[in-house]
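S.K.: one predicted model, sequence on top.
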Amino acid sequence: MKESITMSFLTSLNKTVRIQIPDPKTPVDPQAVNQAMDAIVAADIFAFTNGRIVKKVAAALNTSDSTSIALS
């Protein structure tokens with residue numbers, strides 16, 4: 001099973017951008033994710049075509065599982 005964290009932010013142009021972190025340390029600590037998102041907003045180091053990050057919006061832990069199908 002693969003896991004990732006998707007962090008969603010609002011930009012200066014009122015658009016949503018997402019940053020995905022693959023294979024997070026488990027169990028995921030919600031407080032650590034919250035602090036990381038605060039640090040991303042405060043550092044102002046990402047510039048997207050949709051503007052600069054100005055506010056955190058949401059975070060989600062995504063899981064996916066896949067099973068190979070044998071082809072003949």
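M.R.: Here it is on my side, so go on.
S.K.: helix or strand with the lowest mean pLDDT in this protein?
M.R.: Least confident helix or strand of the chain, by mean pLDDT, DSSP states H and E, is strand 47-48 with a mean of 88.
S.K.: neighbouring contacts of that one?
M.R.: Strand 47-48 is contacted by residues T11, K15, V17 when judged by C-beta atoms under 8 Å, 6 or more residues apart in numbering. In short, each C-beta sits where N, CA and C put it, glycine included.
S.K.: just stretch 27-43 next, same as before
M.R.: I5, M7, F9, I19, F46, I53, V54, K55, K56, A59, L61.
S.K.: what comes into contact with the strand ranked longest in the chain?
M.R.: What stands out as the longest strand in the chain, according to DSSP state E, is strand 51-64. The contact list for strand 51-64, computed with C-beta under 8 Å, 6+ apart, reads 1-17, 20, 24, 28, 30, 33-34, 37-38, 40-41, 44, 46.
S.K.: so E3 is in contact with K25, correct?
M.R.: No: between E3 and K25 there is no contact under C-beta atoms under 8 Å: 10.0 Å.
S.K.: name the residue in these two with the higher neighbour count.
M.R.: Using other C-beta atoms under 10 Å as the criterion, E3 and K25 rank with E3 on top: 14 against 9.
S.K.: list the contacts for that one?
M.R.: E3 sits in contact with P22, D23, P24, T26, L61, N62, T63, S64, where contact means C-beta under 8 Å, 6+ apart.
S.K.: tell me, how many residues neighbour the last one?
M.R.: So that's S64. 8.
S.K.: quick check: it vs A43, distance?
M.R.: Distance, S64 to A43, by C-beta to C-beta, to the nearest Å: 29 Å.
S.K.: surely D38 is in a strand?
M.R.: No: read with DSSP: H, G, I helix; E, B strand; the rest coil, D38 is helix and lies in no strand.
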